[in-house]
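**Student:** here's my sequence, what's the structure:
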Amino acid sequence: MCPGGQQQNRGREPTSRGTMELAQQANELTGGKNPAFLRTLAAALAETGRFSEAARTAQEALELARAAGQPDLAERLKDELKRYEAGLPLRQ
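**Tutor:** Reported below is the predicted structural model:
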């Protein structure tokens, strides 16, 4: 273990970036029309501090979820969108 928890910090950043890259690939493969993949991408963007992009992505996912008749997902996305607009990641 590194002093000051450096090992923990080093491990988290690549994971967040890796998650974002995978979410971007999944989103591209579905033509940006899958609200679940967009939700994952929004969360990954927020984890890396890109809150305005996360909010835009969550808004897209919310609109798609509503159009697809997925009210439970839409409700979760509304809550997550508020967090991103406030500059907060999905997890604390």
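**Student:** so where's this structure shaky on pLDDT?
**Tutor:** Scanning the chain for pLDDT under 70 picks out the ranges 1-15, 92.
**Student:** all helices for it, in order.
**Tutor:** For the chain, applying DSSP state H gives helices covering 6-29, 35-47, 51-67, 71-85.
**Student:** tell me which of those sits most buried.
**Tutor:** Mean neighbours per residue, mean count of other CB atoms under 10 Å, is largest over the helices of the chain for helix 35-47, with a mean of 23. (Each C-beta comes from the backbone N, C-alpha and C, glycine too.)
**Student:** quick one: list the elements packing against that one.
**Tutor:** helix 6-29, helix 51-67, helix 71-85 (3 or more CB pairs under 8 Å, 6 or more residues apart in numbering; DSSP states H and E).
**Student:** could I get the ones you listed as JSON lines with distance to Leu38?
**Tutor:** JSON lines is the format used below for those (distance: least, CB to CB, whole Å):
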{"stretch": "helix 6-29", "distance to Leu38": "6"}
{"stretch": "helix 51-67", "distance to Leu38": "4"}
{"stretch": "helix 71-85", "distance to Leu38": "9"}
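**Student:** go through the ones you listed and name the closest to Ala44.
**Tutor:** helix 6-29 (3.7 Å; CB to CB).
**Student:** tell me the contacts of the one residue sitting closest to the centre of the chain?
**Tutor:** The chain has Ala43 as the residue nearest its centroid, 1.7 Å off, counting by CA atoms, centre = their mean. Neighbour list for Ala43: 23, 54, 80, 89-90 [criterion: CB atoms under 8 Å, 6 or more residues apart in numbering].
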